[in-house]
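K.L.:
Take a look and give me a structure for this.
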Amino acid sequence: MSAYLVEGGRPLDGSVRIHGAKNSVLPILAACLLVPGECVVRNCPDLSDVTASLDILRHLGCAVRREGDAVIVDASAPTGWDVPDDLMREMRSSVIFLGAVLGRMGQADLCAPGGCELGPRPIDLHLAAMRSLGAVIAEAGGGLHCTGGLRGADIVFSLPSVGATENAMLAAVAAEGDTTITNAAREPEIVDLQQFLCAMGADVHGAGSSVITIRGGKRLHGGAYAVMGDRIVAATYLAAAASAGGTVEVTGVDWRHLSTVTAVLAEAGCTLTSTPERILLRCQAPLRGVRPVRTAPYPGFPTDAQAPLMAALCKGTGCSVFVENIFESRYRHVDELCRMGAEIQVEGRVAVVYGVPRLHAAQVRSTDLRGGAALVVAALGAEGESIVTGIHHVERGYQDLPGDLRLLGASVRRT
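P.N.:
Numbers count the residues shown, from 1 in each chain. Below you'll find the model as predicted:
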């Protein structure tokens, strides 16, 4: 059984460069399938979710290789349109291949995706978008069989789903005619996907706003693109510094994408300095309670940063309230934090954190990606050596969490 051994009680100090964003690179890799040529995706993190995406591309007939932090995908002659059950179950984001496979191959066979268990995450908005573009979708036995030529359409989402927005963009690029996506998600990762598509010859505008327009049917070509830095990884390392104390710099990430997180850390007593690709945090005193933190679609507070920030606020003074508005089951890390001495009460979507003077080491288990990272954040601020198991969840989104933290002076090792 693999685990992280974390020796707490050491202030952090140093600088770390943030790797490419998981939530950005996965739809970009799916988009490579639309390009009849070679795409070079730079700043591509080495994550288990990325490995799963590359396995899907290989299964579909693409040539794939990695050279350092770059992945080269040649989709000149794809041969498949099905994604088998074992590959789909590797990650929840595998559904992002629906729009790309359907757009490139004219049909797609997929099953229900896997990934972290964070409560119901239906793909009905994805399917509605495909149907709006002219797809015929048959659902049977947990599988999807999609056929039909795609044509431009007006797509209106009932809520700004990130995955559904990305899937609609990919399918619309391959469709004939113009598409307008209304109530689109506004996350920076959607802007990154638009920039990649445009670099490959697509005509996409409006990402970052609630309305995205796509002129479909453009002939795409190969090219190179560098993925944006991972804002959630950066938020995690800033929370780690807030938990353990010290001075930490993160680089390679746009501070504007983290403004809601850094605002809460500043309210808790940290001192932050930001430039376009750098954030410096100093924490030299116990954290204090903050006003209620409510997760929301971008530009609101990111749900993925909720758990690491909660872990940091467990040790300190005062009371902090979290309201989780995105996922139903995103407090699974709470019981594990309480094993370390935290005082947290949960009622439905609300968690109340009462700061305590100290946390103690414990053996804890990760049950999801960000919750696992939160346990490491708490362990860095605890007294003694903690053991964090279930780290395969963490490695879905952090390329080398122990290595990065050691750069900051932490004692963390994988065993």
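
K.L.:
Domain boundaries for this structure, per the record?
P.N.:
Here the domain parsing of the chain from automatic domain parsing is 3-18+229-414, 22-226.

K.L.:
same for the helix or strand harbouring V377, what does it pack against?
P.N.:
For V377, the host element (DSSP states H and E) is helix 369-380. On a contact count with 3 or more Cβ pairs under 8 Å, 6 or more residues apart in numbering; DSSP states H and E, helix 369-380 meets strand 3-7, helix 231-244, helix 306-313, helix 334-339, strand 385-389, helix 391-394, helix 401-407. For glycine as for every other residue, the C-beta is placed from the backbone atoms N, C-alpha and C.

K.L.:
and the shortest one, C-alpha only, in CSV?
P.N.:
Provided in CSV are the C-alpha atoms of helix 391-394 (Å, rounded to 0.1, in the frame of the first residue of the first chain):
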residue,chain,number,x,y,z
ILE,A,391,-2.7,8.6,-2.4
HIS,A,392,-3.7,7.2,-5.9
HIS,A,393,-6.5,9.8,-5.6
VAL,A,394,-3.9,12.6,-5.0
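
K.L.:
from the chain's centre, how far out does that helix sit?
P.N.:
Per Cα atoms, centre = their mean, to the nearest Å, the displacement of helix 391-394 from the mean C-alpha position of its chain is 14 Å.

K.L.:
Against which helices or strands is that helix packed?
P.N.:
Using 3+ Cβ pairs under 8 Å, 6+ apart: helix 391-394 touches strand 3-7, helix 369-380.

K.L.:
List of residues touching that helix?
P.N.:
By Cβ atoms under 8 Å, 6 or more residues apart in numbering, the surrounding residues in contact with helix 391-394 are 2-4, 48, 116, 366-369, 371-373, 376, 388, 401, 414.

K.L.:
can you pull the buried residues of that helix?
P.N.:
Residues I391, H393, V394 are the ones in helix 391-394 that count as buried (16 or more other Cβ atoms under 10 Å).

K.L.:
what's the answer for stretch 351-369, then?
P.N.:
351, 353-356, 359, 361-362, 364-369.

K.L.:
what's the answer for stretch 6-21, then?
P.N.:
Going by 16+ other Cβ under 10 Å, stretch 6-21 has these buried residues: 6-14, 16-21.

K.L.:
ok, of the buried residues of helix 391-394, which one's closest to V83?
P.N.:
Nearest to V83 among these is H393, at 21.7 Å by Cβ to Cβ.

K.L.:
residues in contact with the residue lying closest to A361 once chain neighbours are set aside?
P.N.:
Nearest in space to A361, with sequence neighbours left out and distances taken as Cβ to Cβ, 6 or more residues apart in numbering, is G384 at 3.1 Å. Each residue near G384 by Cβ under 8 Å, 6+ apart is listed here: E7, G8, G9, H360, A361.

K.L.:
Quick one: mean pLDDT over stretch 248-264.
P.N.:
Averaged across stretch 248-264, pLDDT comes to 97.

K.L.:
now stretch 208-215
P.N.:
98.

K.L.:
Repeat that for stretch 345-358.
P.N.:
97.

K.L.:
again, but for stretch 155-164
P.N.:
96.

K.L.:
for stretch 171-184, same thing?
P.N.:
Mean pLDDT, computed over stretch 171-184, is 98.

K.L.:
can you check stretch 4-11 too?
P.N.:
Stretch 4-11 comes out at a mean pLDDT of 97.

K.L.:
List the contacts of R330.
P.N.:
Listed by Cβ under 8 Å, 6+ apart, the contact set of R330 reads L118, G119, T295, T303, Q306, A307, E324, D368, R370, G371.

K.L.:
I'd assumed it was in a helix, is it?
P.N.:
No. Assessed with DSSP: H, G, I helix; E, B strand; the rest coil, R330 is coil; it does not lie in a helix.

K.L.:
roughly how far apart are it and L380?
P.N.:
Going from R330 to L380 by Cβ to Cβ, to the nearest Å gives 21 Å.

K.L.:
Which members of the contacts of helix 391-394 are classed as buried?
P.N.:
Here, 16+ other Cβ under 10 Å leaves 3-4, 48, 116, 366-369, 371-373, 376, 388, 401 buried among those.

K.L.:
In those residues, find the pair that's most separated.
P.N.:
Taking Cβ to Cβ, no two of those sit farther apart than A3 and C116, at 18.6 Å.

K.L.:
Secondary structure element for D178, which one?
P.N.:
For D178, the host element (DSSP H and E) is strand 177-182.

K.L.:
Partner strands of that strand and their direction?
P.N.:
Within its sheet, strand 177-182 is paired with strand 154-156 (parallel), strand 211-216 (antiparallel), according to DSSP bridges.

K.L.:
So in terms of bridging, what pairs with V6?
P.N.:
Beta-bridge pairing for V6 (DSSP bridges): S386, V412.

K.L.:
I155 too?
P.N.:
Beta-bridge partners, per DSSP bridges, of I155: I181.

K.L.:
So for D109, which of the helices and strands packed on helix 369-380 sits nearest?
P.N.:
Taking Cβ to Cβ, helix 391-394 is the member of these nearest to D109, at 27.4 Å.

K.L.:
TSV for the buried ones among the contacts of helix 391-394, including distance to G252?
P.N.:
Shown next, in TSV, are those (distance: Cβ to Cβ, whole Å):
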residue	distance to G252
A3	28
Y4	23
S48	21
C116	25
S366	25
T367	29
D368	25
L369	20
G371	25
G372	23
A373	18
V376	20
V388	25
L401	16
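
K.L.:
I'd say D46 and Q399 touch.
P.N.:
Yes. Taking Cβ atoms under 8 Å as the definition, D46 is a contact partner of Q399 at 5.2 Å.

K.L.:
So for the two, which sits in the more crowded spot?
P.N.:
Comparing D46 with Q399 by other Cβ atoms under 10 Å, the one with more neighbours is Q399, at 19 against 15.

K.L.:
List the residues that contact the residue of the chain most remote from its centre.
P.N.:
Largest separation from the mean C-alpha position in the chain: P357, at 31.8 Å (Cα atoms, centre = their mean). Residues near P357 by Cβ under 8 Å, 6+ apart: P286, K315.

K.L.:
give me phi/psi at it?
P.N.:
Main-chain dihedrals, P357, degrees, to the nearest 10: phi -60, psi -30.
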